[in-house]
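> when you get a sec, could you give me coordinates for this:
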Amino acid sequence: MHHRGFLLLALLTLLALTSAVAKKKDKVKKGGPGTECAEWAWGPCTPSSKDCGVGFREGTCGAQTQRTRCRVPCNWKKEFGADCKYKFESWGACDGGTGTKARQGTLKKARYNAQCQETIRVTKPCTPKTKAKAKA
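So this is what the prediction gives:
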C-alpha cells in the first residue's frame with residue numbers, strides 16, 4: 001500500500017514539474033516585441049551621459065521599435081566607433097618628423113550592422129626613451 005502511494009505521489013510531482021516547464025517555455029516563446037520579426041536594424045549605442053559608459057541602443061523592425069541596454073567603453077576610438085572591432089598589427093617605428101608611430105587594423109567584426117571601414121590606420125605619440133637605472 002505504501003509503495004502505491006509513493007508511486008502516485010512521484011507521478012503527480014513529475015506531472016507538475018513537466019507542466020511548469022511547459023508554461024515557462026510558452027512565456028519565452030511569446031516574449032516581448034521582435035518575436036515575429038526577423039530583420040532588426042540596430043542604431044549605434046548612445047551613452048546616457050558624456051561620451052562613454054552605459055547607454056541605450058534602439059532597434060527597429062517594420063513598425064516595431066525596441067531599446068536595449070549597451071555600454072560604450074571609455075577607451076574607444078571615435079574615428080571608427082565602438083561597434084567596429086579590428087585586429088591590429090604591431091606598432092611601427094617612431095617617425096622622427098612627426099613624433100608619432102602608426103599601425104593598421106583589419107576589420108574583424110561589425111556589431112549591430114554597423115557601417116565599418118575594412119582597414120584603418122591609427123597613430124599615437126612616440127614615448128620618450130627612458131634611461132635604465134644604474135645598479136647600486
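> leaving out sequence neighbours, find the closest residue to V54.
Using C-beta to C-beta, 6 or more residues apart in numbering and skipping the chain neighbours, the partner closest in space to V54 is R71 (5.3 Å). Backbone N, C-alpha and C define where each C-beta goes, glycine included.
> all helices of the protein, in order?
For the chain, applying DSSP state H gives helices covering 2-30.
> which residues does R121 form a beta bridge with?
Under the criterion DSSP bridges, R121 forms beta bridges with Q104.
> could you measure from it over to P73?
Going from R121 to P73 by C-beta to C-beta, to the nearest Å gives 20 Å.
> okay, now the unreliable bits of this structure?
1-3, 5-35, 75-79, 129-136 (pLDDT under 70).
> with adjacent residues omitted, what lies nearest to K85?
Nearest non-adjacent residue to K85 (C-beta to C-beta, 6+ apart): K109, at 4.2 Å.
> which residues of the chain fall in strands?
41-42, 46-47, 53-61, 64-72, 84-88, 100-110, 119-125 (DSSP state E).
> how many residues are close by C84?
C84 has 20 neighbours, counted by other C-beta atoms under 10 Å.
> equivalent analysis for C45, please.
Using other C-beta under 10 Å, C45 is surrounded by 24 other residues.
> what of D83?
Burial of D83, expressed as a neighbour count using other C-beta under 10 Å, amounts to 21.
> what sits against the nearest residue to it once chain neighbours are set aside?
What sits nearest to D83 in space, not counting adjacent residues and going by C-beta to C-beta, 6+ apart, is A114, at 3.7 Å. By C-beta atoms under 8 Å, 6 or more residues apart in numbering, A114 lies in contact with 44, 81, 83-84.
> export the residues you listed as a markdown table, with columns for distance to E58.
Below are the contacts of A114 laid out as a markdown table (distance: C-beta to C-beta, whole Å):
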| residue | distance to E58 |
| --- | --- |
| P44 | 9 |
| G81 | 16 |
| D83 | 13 |
| C84 | 18 |
